[in-house]
Each structure stands twice: as structure tokens, then as C-alpha cells.
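Q: Sequence plus predicted model, see below.
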Amino acid sequence: MQKNLFFVGIIMAAAGVLSPPLALGAGLAYGLLLTHPYHLDSKRLAKFLLQASVVCLGFGMNLGEVVKVGRSGFLYTAIGISFALGLGWLLGRLLKVEKTQSFLIAAGTAICGGSAIAALGPVAEANEEEMAVSLGTVFVLNSVALLIFPIIGAAMHLSQTQFGLWSALAIHDTSSVVGAAAKYGTVALAIGTTVKLARALWIVPVALVTAAVRKSKSQIYLPWFILYFCIAAVMASYLPQLHVAYGEAYRLGKLGLAVTLFLIGSGISRQTLKEVGVRPMVQGLVLWIIVAGLSLFAISRGTIHL
């Protein structure tokens, strides 16, 4: 019965019956109420589908807009990442969260959620428990963000440009940025995805600095799907003859995103919540609220804009 429900959820998401937010909600309900029959396989599939979906969404982008938004958002991401890392370190010390866990939670909030933690964990020489706690903290908050950000954006009467920028600066994972922005509108999706991917590139310098400080020789894993996203945007902009194929790839990307979010939601179980613990969750929650709140205030006042 549990296996059947799992596959029904995937089929409904892939068929477009479940929108990305509904797919995440269904996945969360499954993970919290039932025992996942394919937990590890689901995590591996979600990672691949996320990257493939983001690349497919690149076929719906205009390169000129991508370059413009990426250039404009560079300064905001640099300031935001530095602020989040510093504040995360301070909160970790105040709450007496273990140093490596604290660093990974701050980096996941500052850069790009699970991708940043997965890339920086080996460099920071984190053990399995530290990785699990950090990932669990970020995934739980990330899921909440996907559900509430469109509601807050609508209540604040944010334009699509404003919402896309806010979601890219304040939501942890690329998947949830894309999911929330897609629900808000096409312009929000283009801006949110582009600024978020530009933000994800900061994995490289942060990983290099971390390796130098800790004198780590661990291999740094780079998010290569960002390069493929850019190639897709180039093709869509300069080879318009294939616009029919691009449109189909973009549609598949949105469907793949819904399946990804169902898989991510189904991976959050009651055991995950127990393993996270109180102090790391409080650190992640307070850090996220401050980052999201300040960026929303600055965007709504016009201090941050594209």
C-alpha cells in the first residue's frame, strides 16, 4: 500500500495534476505519516531530477535577461552571503551549536541549501551525523519557505520582479526558489532562477577559503548543472529555429520540478525532525527569519532592486 501511494504521488506530479507546492505538500504528508520504502533511492533521484529540471528551465530563458539579472544581483548576493555567514557564526556560538554543524547551516542558508552543504561538508571534514543534522535543518525550513513565500508575496503586493529577487535571496534550495517563483509568475521564475544560480556559484570561493583555513585536501564538488543551464539559455537565445523543442524541454523541466519536490517532501520523516534537535533548528530558523525579513524589507522599500 505504501509503495503504491508513493508511485501514485510521482505519477500525479509528473502528469501535472499536482502543482509544485501541492507536490511538496503531498510528499511531506507521505514522509511524515508513512515509512518510505525507497528512502535512499528517492534522495539520489531527487538530486538528479533537480539538476536536470533546472537545465531544462534554462531553455525558457532569454540570455540578455540572464546576463542583466545576474550582473545586477551579484552585489546583493555578495553582501547577503557575507552577512548570513557572519550572523550564522554568531548565532551558533550563542546557542552553543557544534562548530561544523553551525558552519554548514549558515552556509546552507547563505548560499544554496543542500547543494552548499553537500559541497562544503567534505571540505569542512564533517561526519555523517553533522551532515545529516545540517541537511535536515535546511530541508525542513526550505519546505516551509516554498509554501509560505507566495502567500507573503501576494499579501505584500510584490511585483514578479520583486518576488523573484526575494525568493532567490531568502530561500535555501534552488528547487524551492524555482517552485515558489513558478507559482508566482513567468518573470518571477526567470529572475529567481538566474539570481539563485548566480548565488550558487559562491560555493566555489567559500569552499576554497574553507579548505585553506582548515588545511583540507578534500575534493571540492562544483555544481556543473549551472554551466548546462547557461548553455541552454544560449541555445534558446541564438538558435530560435528550435523553439518548439525548447518549449517542450521547458515544460518537462516544470513537470520534473514537481516530481523533485514530491521526492524531497517524502524524504522528511519524523525521524529526520528528531535527529535535527532543538538548537541547530533554532539557529537555522532565527538566521533564516532575519535574512528573509531584512531582504523583504529592503526589496519592498526599493533599497534592493533590479
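A: Great, that's in hand.

Q: Could you use CA atoms for every contact and neighbour count after this?
A: OK.

Q: For Gln219, report the pLDDT, please.
A: Looking at Gln219, its pLDDT stands at 61.

Q: same question, Ser42
A: 80.

Q: quick one, what contacts it?
A: When contacts are counted by C-alpha atoms under 8 Å, 6 or more residues apart in numbering, Ser42 touches Leu263, Ile264, Gly267.

Q: Which secondary structure element is home to it?
A: Using DSSP states H and E, Ser42 maps to helix 39-57.

Q: what do you get for Ile191?
A: Taking DSSP H and E as the definition, one finds Ile191 inside helix 186-200.

Q: State the distance from Val133 to Ile268.
A: 12 Å (C-alpha to C-alpha, to the nearest Å).

Q: Repeat that for Phe7.
A: 17 Å.

Q: Neighbour count for the two, which is higher?
A: Ile268 (22 against 11; other C-alpha atoms under 10 Å).

Q: does the more buried one count as helix, strand or coil?
A: Using DSSP: H, G, I helix; E, B strand; the rest coil, the structure places Ile268 in coil.

Q: Throw the contacts of Ser42 into a markdown table and include pLDDT, distance to Ala116 and neighbour count, thanks.
A: Output for the contacts of Ser42, formatted as a markdown table (pLDDT from 0 to 100; distance: C-alpha to C-alpha, whole Å; neighbours: other C-alpha atoms under 10 Å):
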| residue | pLDDT | distance to Ala116 | neighbour count |
| --- | --- | --- | --- |
| Leu263 | 85 | 19 | 31 |
| Ile264 | 77 | 16 | 25 |
| Gly267 | 79 | 18 | 25 |
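
Q: List just the nearest of the residues you listed to Ser82.
A: Ile264 (27.7 Å; C-alpha to C-alpha).

Q: quick one: that closest one and Gly27 touch, right?
A: Yes. Applying C-alpha atoms under 8 Å, one finds Ile264 in contact with Gly27, separated by 7.0 Å.

Q: Spatially central residue in this protein, please.
A: With distances taken as C-alpha atoms, centre = their mean, Asp173 lies nearest the centre of the chain, 1.0 Å away.

Q: And for that residue, nearest residue in space, chain neighbours not counted?
A: Of all residues beyond its chain neighbours, the one nearest Asp173 is Gly113 (4.6 Å), with distances taken as C-alpha to C-alpha, 6 or more residues apart in numbering.

Q: do Lys99 as well
A: Counting by C-alpha to C-alpha, 6+ apart, Lys99 lies nearest to Gly92, which is 7.2 Å off, once chain neighbours are set aside.

Q: The one you found against Ser102, yeah?
A: Yes. Between Gly92 and Ser102 there is a contact at 5.3 Å, judged by C-alpha under 8 Å.

Q: Mutual contacts of those two, please.
A: Pro280, Gln283.

Q: pLDDT on the strand or helix carrying Val213, on average?
A: Taking DSSP H and E as the criterion, Val213 maps to helix 203-214. In this model, helix 203-214 has a mean pLDDT of 79.

Q: Could you pull out the buried residues of that helix?
A: Buried residues in helix 203-214, counting neighbours by 16 or more other C-alpha atoms under 10 Å, are found at Ile203, Val204, Val206, Ala207, Leu208, Ala211.

Q: Render the CA-only coordinates of that helix in PDB, please.
A: C-alpha atoms of helix 203-214 as PDB (Å, rounded to 0.1, in the frame of the first residue of the first chain):
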ATOM      1  CA  ILE A 203      30.100  27.600  -3.400                       C
ATOM      2  CA  VAL A 204      33.500  27.800  -5.200                       C
ATOM      3  CA  PRO A 205      35.100  30.700  -3.300                       C
ATOM      4  CA  VAL A 206      33.600  29.700   0.000                       C
ATOM      5  CA  ALA A 207      34.800  26.100  -0.400                       C
ATOM      6  CA  LEU A 208      38.300  27.300  -1.400                       C
ATOM      7  CA  VAL A 209      38.500  29.600   1.700                       C
ATOM      8  CA  THR A 210      37.200  26.900   3.900                       C
ATOM      9  CA  ALA A 211      39.800  24.400   2.600                       C
ATOM     10  CA  ALA A 212      42.600  26.900   3.100                       C
ATOM     11  CA  VAL A 213      41.500  27.700   6.700                       C
ATOM     12  CA  ARG A 214      41.100  24.100   7.700                       C
END
